[in-house]
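In: just need the structure, nothing else, for what follows:
(chains A, B, C and D)
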Protein chains: 4
Amino acid sequence: MARVYVSAVMDATLEQAWSYLRDFGALGNYHPYFQNSRIEGGKPPDQVGCVRYFEVREGGGHLREQLLMLSDDEHRCRYRILHIDANWKNYVAEMHLLPVTEGDKCFGEWWAEWDVPAEEEAEAVERVKGTFRTFFACVDQAYGRR
Amino acid sequence: MARVYVSAVMDATLEQAWSYLRDFGALGNYHPYFQNSRIEGGKPPDQVGCVRYFEVREGGGHLREQLLMLSDDEHRCRYRILHIDANWKNYVAEMHLLPVTEGDKCFGEWWAEWDVPAEEEAEAVERVKGTFRTFFACVDQAYGRR
Amino acid sequence: MARVYVSAVMDATLEQAWSYLRDFGALGNYHPYFQNSRIEGGKPPDQVGCVRYFEVREGGGHLREQLLMLSDDEHRCRYRILHIDANWKNYVAEMHLLPVTEGDKCFGEWWAEWDVPAEEEAEAVERVKGTFRTFFACVDQAYGRR
Amino acid sequence: MARVYVSAVMDATLEQAWSYLRDFGALGNYHPYFQNSRIEGGKPPDQVGCVRYFEVREGGGHLREQLLMLSDDEHRCRYRILHIDANWKNYVAEMHLLPVTEGDKCFGEWWAEWDVPAEEEAEAVERVKGTFRTFFACVDQAYGRR
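Out: Model prediction:
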């Protein structure tokens, strides 16, 4: 079983980071690893149970992920992979934001757990870490006051 | 600050109880205290942020409640009151279901916290307790094998 | 990765079940699978970080488990295995009690997650399930009014 | 009902901040508002249920606080006030640390909820905010690499 945990402080308010990351179908518009994202069936991206389709750039195949939980009061979102072009199983991930009151910034944590063959685990872990890091970096780039 | 906690064992499976209680707009169809429930703006009842409108029977006025969180993997739902014909403020409630593996039943817990004038607290607490108890009793009645 | 979840309704109050199960070093006194339990180093059984030693009856070897978390307000206890005479790794378990207000009983849930070789998983899962079930049955036997 | 939430990023690792703040009886040794702290009855400071006694400097009276929950794996600690020389009731607070993996720092959040007469609430809230802020600042001062 692989487990990834990435956390970062973003130079944005909680409201800014949440409005950016809450949209479950928008990652193809800003995340450099992905493209052509959309919610299947024309559903709203905050409907629990909806599925997002998106493609990995440079021929990396496509993914389908389902929204399991969305919380506007705890700023939390959980989802699972329905399809990926890799030998991954039981993948569940959660994104969670908290305010940094001393400094008016935003703390974000993002974890994932899944099964992957042992010989592919190290590479898979690096891929997921990079994905999560980049999400936080995108928020920083969009709102950063530095 | 008032706080209510009600929990019960329902004679239903987790899947049955969740399919029954998950629908945020349906309470007017089965709960004997309420009528004429609907999600405002034609939104789906599992879209986080949606608002349900419903009426209290026998001239008890109407409520508007907003879905704050919905979790299909933890079987959890949280919401707040936007309007009630009473002096209640900051009302948040959560419904949470867990399986009873020894016996194939379903445990449900339902809590609420809110501010209410001290002289009205006892009556308000009884009203909310009765509402939650009755939700669980409705599931029992729909699926009970006794 | 193996995962076990067992839950039951005990014919005891929350206070009774918690007072019975909270004592991290006492399982050898009542659980039929185990004997000769004690907290190492003479520490109190509610000191977070303490280690319990106990033996599996009929020559099943011994275990050492460390208390990771104890909560008197949420009635929750989490621990990990430091030693077991089996090929188990990364074993963490949590016991959690909740009141059943409609009926004055106690709902208990107990989960564990750990790594075990695939060919031993089914048997390991049954062993842990049986252990947890029996904990709840012991409470029932001690307090049950049936 | 008063509620305080303070969070900060400390220039320390998670392990450093946790080892510093975990000791329930030590606050009198470093927090500038307090003095003469000790765990009553000679109990270890990580025994759930233990009570810490400490004094507020400059004649501010004394407090007794009881440890409700301690978690070494989630880096979490919850406690309640048993005695304070003020009209506060039902005071519960929780301290929680999380690692900041991007930068190797530590995020800390500290909340409290309690009842206090309306006319004293604003001052009480400022007092508690200042107390929590200063805890985090003490960690920063002890380990900061700036």
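
In: make it CA atoms for all contacts and neighbour counts henceforth
Out: Will do.

In: is it true that residue A:8 lies in a strand?
Out: Yes - applying DSSP: H, G, I helix; E, B strand; the rest coil, one finds residue A:8 inside a strand.

In: state the distance from it to chain C.
Out: Residue A:8 is 26 Å from chain C, where distance means CA to the nearest CA, to the nearest Å.

In: what does residue A:110 give?
Out: The value you get for residue A:110 to chain C, if CA to the nearest CA is used, is 21 Å.

In: wait, what's in contact with that residue?
Out: A:5, A:6, A:7, A:93, A:94, A:95, A:96, A:132 (CA atoms under 8 Å, 6 or more residues apart in numbering or on different chains).

In: report the separation between residue A:35 and residue A:4.
Out: To residue A:4, residue A:35 is 23 Å away according to CA to CA, to the nearest Å.

In: equivalent analysis for residue A:68, please.
Out: For residue A:68, the distance to residue A:4 - CA to CA - is 19 Å.

In: quick one: which of those two has more around it?
Out: residue A:68 (23 against 17; other CA atoms under 10 Å in any protein chain shown).

In: secondary structure element for that one?
Out: In this structure, residue A:68 sits in strand A:62-71 according to DSSP states H and E.

In: can you give me the buried ones in that strand?
Out: Counting neighbours by 16 or more other CA atoms under 10 Å in any protein chain shown, one finds that the buried residues in strand A:62-71 are A:62, A:63, A:64, A:65, A:66, A:67, A:68, A:69, A:70, A:71.

In: put the alpha carbons of the helix or strand that comes right after that strand into CSV.
Out: Proceeding N to C from strand A:62-71, the next assigned helix or strand is strand A:76-83, under DSSP H and E. Listed next in CSV are the C-alpha coordinates belonging to strand A:76-83 (Å, rounded to 0.1, in the frame of the first residue of the first chain):
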residue,chain,number,x,y,z
ARG,A,76,-12.3,19.3,2.5
CYS,A,77,-12.8,17.2,-0.7
ARG,A,78,-12.3,13.5,-1.1
TYR,A,79,-12.4,11.4,-4.3
ARG,A,80,-11.4,8.1,-5.8
ILE,A,81,-10.0,6.9,-9.1
LEU,A,82,-12.4,5.0,-11.3
HIS,A,83,-10.0,4.7,-14.3
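
In: strands paired with strand A:76-83, and their directions?
Out: With DSSP bridges as the test, strand A:76-83 is paired with strand A:62-71 (antiparallel), strand A:89-100 (antiparallel).

In: ok, now which ones touch residue A:63?
Out: Counting by CA under 8 Å, 6+ apart, residue A:63 has contacts A:52, A:53, A:54, A:55, A:56, A:81, A:82, A:83, A:84, A:85.

In: a markdown table for those residues, including neighbour count?
Out: Compiled in a markdown table, the contacts of residue A:63 are given as follows (neighbours: other CA atoms under 10 Å in any protein chain shown):
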| residue | neighbour count |
| --- | --- |
| A:52 | 24 |
| A:53 | 19 |
| A:54 | 21 |
| A:55 | 19 |
| A:56 | 18 |
| A:81 | 19 |
| A:82 | 17 |
| A:83 | 16 |
| A:84 | 17 |
| A:85 | 10 |
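
In: of those residues, which is the nearest to chain C?
Out: Distances from chain C to these, taken as CA to the nearest CA, are shortest for residue A:81 (17.9 Å).

In: residue A:92 is in contact with that closest one, correct?
Out: Yes - the pair residue A:81 / residue A:92 is scored as a contact, 6.8 Å apart, by CA atoms under 8 Å.

In: show me what the residue lying closest to residue A:22 once chain neighbours are set aside is bridged to.
Out: The shortest distance from residue A:22 to any non-neighbouring residue, by CA to CA, 6 or more residues apart in numbering or on different chains, is to residue A:77 (7.5 Å). For residue A:77, the beta-bridge partners under DSSP bridges are residue A:70, residue A:95.

In: who's in contact with residue A:77?
Out: A:22, A:67, A:68, A:69, A:70, A:71, A:94, A:95, A:96.

In: do you know how far the third one is from residue B:116?
Out: In other words, residue A:68. 34 Å.

In: now render the strands paired with strand A:76-83 as JSON lines, adding mean pLDDT.
Out: Formatted as JSON lines, these follow (pLDDT from 0 to 100):
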{"stretch": "strand A:62-71", "mean pLDDT": "98"}
{"stretch": "strand A:89-100", "mean pLDDT": "98"}
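
In: redo those as TSV? Include distance to residue D:145.
Out: As requested, the strands paired with strand A:76-83 are exported to TSV (distance: least, CA to CA, whole Å):
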stretch	distance to residue D:145
strand A:62-71	36
strand A:89-100	20
